[in-house]
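Trainee: Build me a structure from this.
(one chain, ligands or ions: 1)
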Amino acid sequence: MALKTRLTELLGIEYPIIQGGMAWTATAELAAAVSNGGGLGIIGAGHMPTEILRDEIRRAKTLTDKPFGVNLMLLTPHIEELVAMVIEEGVDAVTTGAGNPGKYMAALKARDIKVLTVVPSVALAKRMESIGADAVIGEGMEAGGHIGELTTMVLTPQLADALEIPVVAAGGIADGRGVAAAFALGAEGIQVGTRFMCAEECTIHPDVKDRIVKAKDRDTVVTGHSTGHPVRVIKNKLSREIGKLDRENRVDEIEALGTGKLAAAMRDGDINMGSLMAGQAAALVCSIQPAAEIIQDMMSDAARVMGSQAASIVGE
Ligand code: TUI
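Mentor: Take a look at the predicted model:
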């Protein structure tokens, strides 16, 4: 059964599930699989060269007829060029991360591209609403990769109270209970990253998927506080080395040590010295499944949880 919200209407999708825009991870294959499964698939641009991203967008168009989007990581130096190319190619939606997309909002919207901005705070969310964002994705610090300070549990209801536009909850959601919780907190959609890393169609190295499936509750850690860009990863040799530099505020050495390490993990399967960006929800991911099955499992479990809770509250 489909769950209609303002988000599904806005995007023309069946289920209110957006896939996280994970660099070196969210390729055309994964995005198309999520879109074909009824969610919104997203190609993660990260630091991708412009022409490579153009090819990914064109490839996704051959793999799905459904709406899909691109995540733009605003800290990348050639962001202006990426935005111009995305506008040229045309996609249904853009999600943004790691900054304020204000400069690009008008141009994206003029091309009828829906803009959903990841926000770590209420203040930035309000600013995004005032300049025309179609929805915000409130990302709690349970998420993987670059994170803010608030948890999903407290950020989501504050966003729902403060905004008129739809709120998407992100961070820590990997099963139907998480979906139900997000809706209870006022979200009209959810974003899922870590569980989709373990989709069959996700092209990352199988050893990384295996590490996520094996992860337990305390297996992630936040490193890079001293750089101003804290990043959640699965603990390994690299995270211990960065943690040590972090405590000594050796920022330049952290940047140098971190360079190329996301590709080392996701593309090459370097479990020890790669950057295993993943969220706390890794502990909730138990198997590798097709993306469409992940969506079905999450939505049917959510319906069951919401139904049985409602029934038990009214004493049925
Ligand atoms: O962007 C993400 N997750 C990411 S980006 C990334 S690549 C990277 N690697 C090393 C250092 C930095 C980035 C890996 N994972 N999630 C969305 C997200 N956006 N999380 C937090 C934010 C955010 C933070 C500050 C969004 C806006 C913001 O605004 C600051 C401002 O300019 O007002």
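Trainee: Chain neighbours aside, what residue packs nearest to whichever residue of the stretch 201-316 of the chain sits closest to the ligand?
Mentor: Minimum separation of the stretch 201-316 of the chain from the ligand (C-beta to the nearest ligand atom) falls at residue 229, amounting to 3.8 Å. Any C-beta I mention is one placed from the backbone N, CA and C, and that applies to glycine too. Nearest residue to residue 229, sequence neighbours excluded (C-beta to C-beta, 6 or more residues apart in numbering): residue 146, at 5.5 Å.
Trainee: Can you get me a residue count around that neighbour?
Mentor: 20 (other C-beta atoms under 10 Å).
Trainee: wait, is residue 263 part of a strand?
Mentor: No - going by DSSP: H, G, I helix; E, B strand; the rest coil, the assignment for residue 263 is helix, not a strand.
Trainee: sorry, back to before: so how far is the ligand from the residue nearest to residue 229?
Mentor: According to C-beta to the nearest ligand atom, to the nearest Å, residue 146 stands 3 Å off from the ligand.
Trainee: again with residue 200
Mentor: Using C-beta to the nearest ligand atom, one gets 23 Å for the distance from residue 200 to the ligand.
Trainee: likewise residue 54?
Mentor: From residue 54 to the ligand the distance is 20 Å (C-beta to the nearest ligand atom).
Trainee: need the contact list for that residue.
Mentor: Counting by C-beta atoms under 8 Å, 6 or more residues apart in numbering, residue 54 touches 85, 89.
Trainee: And the residue of the stretch 1-150 of the chain that's closest to the ligand?
Mentor: For the stretch 1-150 of the chain, C-beta to the nearest ligand atom, closest residue to the ligand: residue 145, 2.3 Å.
Trainee: residues in the stretch 51-200 of the chain within reach of the ligand, list them.
Mentor: Counting by C-beta under 6 Å from any ligand atom, the stretch 51-200 of the chain comes close to the ligand at 73, 75, 97-100, 118-120, 124, 139, 145-148.
Trainee: ok, residue 165 - how many residues close by?
Mentor: 18.
Trainee: mind listing what it touches?
Mentor: 129, 133, 134, 135, 136 are the contacts of residue 165 under C-beta under 8 Å, 6+ apart.
Trainee: Just the buried residues of these.
Mentor: When the contacts of residue 165 are checked for burial by 16 or more other C-beta atoms under 10 Å, the buried set is 129, 133, 134, 135, 136.
Trainee: quick one: residue 222 from residue 145, how far?
Mentor: Taking C-beta to C-beta, to the nearest Å as the measure, residue 222 falls 10 Å from residue 145.
Trainee: Spit out the residues that contact the two alike.
Mentor: 231, 232.
Trainee: higher neighbour count, those two?
Mentor: Higher neighbour count among residue 222 and residue 145: residue 145, with 27 against 14, using other C-beta under 10 Å.
Trainee: in the sheet, who's paired with the more buried one?
Mentor: Applying DSSP bridges to residue 145 gives these bridge partners: residue 232.
Trainee: Same question for residue 168.
Mentor: Residues in beta-bridge contact with residue 168 (DSSP bridges): residue 137, residue 189.
Trainee: check contacts around it.
Mentor: So residue 168 contacts 7, 16, 18, 116, 135-138, 187-191 (C-beta under 8 Å, 6+ apart).
Trainee: who wins for neighbours among those residues?
Mentor: That'd be residue 138 among the contacts of residue 168, by other C-beta under 10 Å, with 32 neighbours.
Trainee: thought that residue was touching residue 166?
Mentor: No - using C-beta atoms under 8 Å, residue 138 is not in contact with residue 166; the gap is 10.8 Å.
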